[in-house]
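S.K.: coordinates only, sequence not included:
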């Protein structure tokens, strides 16, 4: 008997053994209670299928070839070769869920429809097995649906903390959920206790199976875990509606969502200095001016503005990774049409001094990073950011916007700066920055954590005996919105 026919025969035989010839099964009946459905399905599952439900694998290994050969995302099996029998089916597995790790995409700049199509094919594989348990697909949605091209990217959590607006954060969560569902995904990662073996899944399954058979792990513990997993799938309605809703595709990057992100940016900005004297504030800036300078590596760089966990795990600089508005573009669209805006990423002193500028906006900060790659013992503004601040601010009135995921060392430069704004990682909607700089809205953000003077002070918290910050926790200057500033 050929390998393919042998496999088909085993599949059919196995399904008949599990389900029998009865036409009615309780777990497929939505009229039955949740507990009845779960217990009925659990009673039909082998140990391998139960462990499979506890296993989450990475999208990259859930390829079409793997789906065909190993039933990834549903049931899959491995082969063992014996001298007597040649290829022999030895192990059955069922993967209960699939995930996209950071930067794991179906294709570069994949659309909502492309994501949904990928999930549909995986789900078809899951449902084609004899028990027909739907797969659940998970993804990180840290600052919006951040892995997907053209999704709305919201300010990172540190910036949302600065808003002091829990209802705004709730709306952002709801909006992110809509954009995630637009791609067919029904599960995003949050703090949880879970078994995640995206690549080494066969080793995990084999080891867990061995420990159960040796009575090291009791079957009751497996059943408890699988019961809770199935409860989630039944509660979500995956057994009745396992596929993506194509009508939601237009929710991805919707203008209404971008307006919400723009609002979040406005409220997240923290004004830490406004004028070298309290009697002569620099902000809000006049929209009507002869000539202004915009400088710095982060003024016209959407990738830097969005930070890590944007399209890829660590994030990437540049303007081609996703859609949005840079701070420079926002400034250009906000100032008076007769105001000349000159952009120089790293201007030299002579050009600054000879430029006859009314004022300058310097936008500098950290490159994108996530987790351990962002570890830094110095916490200084990366070059050439520090040099740009010194070059520009020694010659003309300047305000500095810092793009970063945390407070950085700024005390050496704060005296030369006329106005200083912590913008955190604002995301895709840079127009929210210009809204506040030019007075369409006022500054309202407050520091979500203490801003230290030097790294030698760290860790530093409110209530410490020697609490001597540059700016204390909760600090933030305010300004009033003006209808017209000129």
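M.R.: Great, that's in hand. Note that the structure is a prediction, hence the values are computed from the model and not measured. Residues are numbered from 1 along each chain as shown.
S.K.: in the stretch 301-450 of the chain, which spans are helices?
M.R.: 302-306, 327-334, 349-354, 385-393, 411-414, 431-437 (DSSP state H, counting those that start in this stretch).
S.K.: Show me the one of the ones you listed that comes nearest residue 403.
M.R.: helix 302-306 (6.0 Å; Cβ to Cβ). Placement of C-beta: from N, CA and C, glycine included.
S.K.: what does that closest one contact?
M.R.: With contact meaning Cβ atoms under 8 Å, 6 or more residues apart in numbering, helix 302-306 is reached by 143, 146, 153, 297-298, 310, 315-319, 321-322, 324-327, 365-368, 403, 425-428, 430.
S.K.: ok, now with 6 Å
M.R.: Applying Cβ atoms under 6 Å, 6 or more residues apart in numbering, the contact partners of helix 302-306 are 153, 298, 316-319, 321, 324, 326, 368, 426-427.
S.K.: quick one: which of those is nearest to residue 453?
M.R.: Nearest to residue 453 among these, with distances taken as Cβ to Cβ, is residue 298, at 23.2 Å.
S.K.: Tally up the residues packed near that closest one, please.
M.R.: Residue 298: 27 surrounding residues under other Cβ atoms under 10 Å.
S.K.: what's the answer for the one 3 residues further on, then?
M.R.: Counted with other Cβ under 10 Å, the burial measure for residue 301 works out to 23 neighbours.
S.K.: Next: residue 443.
M.R.: Neighbours around residue 443, by other Cβ under 10 Å: 24.
S.K.: Repeat that for residue 251.
M.R.: Residue 251: 22 neighbours (other Cβ under 10 Å).
S.K.: residue contacts, the nearest residue to it once chain neighbours are set aside?
M.R.: Nearest residue to residue 251, sequence neighbours excluded (Cβ to Cβ, 6 or more residues apart in numbering): residue 182, at 4.1 Å. Residue 182 makes contact with 112, 248-249, 251-252, according to Cβ under 6 Å, 6+ apart.
S.K.: can you check residue 248 too?
M.R.: So residue 248 contacts 181-182 (Cβ under 6 Å, 6+ apart).
S.K.: try 10 Å
M.R.: 112, 116, 178-184 (Cβ atoms under 10 Å, 6 or more residues apart in numbering).
S.K.: Can you convert the helices of the stretch 301-450 of the chain into CSV and add a column each for mean neighbour count?
M.R.: Shown next, in CSV, are the helices of the stretch 301-450 of the chain (neighbours: other Cβ atoms under 10 Å):
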stretch, mean neighbour count
helix 302-306, 27
helix 327-334, 20
helix 349-354, 13
helix 385-393, 22
helix 411-414, 14
helix 431-437, 26
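S.K.: can you redo those as JSON lines with distance to residue 474?
M.R.: Listed next are the helices of the stretch 301-450 of the chain as JSON lines, based on distance: least, Cβ to Cβ, whole Å:
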{"stretch": "helix 302-306", "distance to residue 474": "25"}
{"stretch": "helix 327-334", "distance to residue 474": "26"}
{"stretch": "helix 349-354", "distance to residue 474": "35"}
{"stretch": "helix 385-393", "distance to residue 474": "26"}
{"stretch": "helix 411-414", "distance to residue 474": "19"}
{"stretch": "helix 431-437", "distance to residue 474": "19"}
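S.K.: out of these, nearest to residue 470?
M.R.: helix 411-414 (5.5 Å).
S.K.: ok so, going back, could I get the contacts of helix 302-306 as CSV with pLDDT?
M.R.: Shown next, in CSV, are the contacts of helix 302-306 (pLDDT from 0 to 100):
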residue, pLDDT
153, 98
298, 98
316, 96
317, 97
318, 97
319, 97
321, 94
324, 98
326, 98
368, 98
426, 98
427, 98
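S.K.: Could you single out the nearest of those residues to residue 286?
M.R.: residue 326 (21.4 Å).
S.K.: and that closest one, how many residues sit next to it?
M.R.: Other residues close to residue 326 by other Cβ under 10 Å number 22.
S.K.: Same check on residue 269?
M.R.: Applying other Cβ under 10 Å, we find 26 residues neighbouring residue 269.
S.K.: and the gap between the nearest residue to it once chain neighbours are set aside and residue 271?
M.R.: The shortest distance from residue 269 to any non-neighbouring residue, by Cβ to Cβ, 6+ apart, is to residue 445 (5.1 Å). For residue 445, the distance to residue 271 equals 7 Å [Cβ to Cβ, to the nearest Å].
S.K.: Looking at these two, which is more packed in?
M.R.: Comparing residue 445 with residue 271 by other Cβ under 10 Å, the one with more neighbours is residue 445, at 27 against 24.
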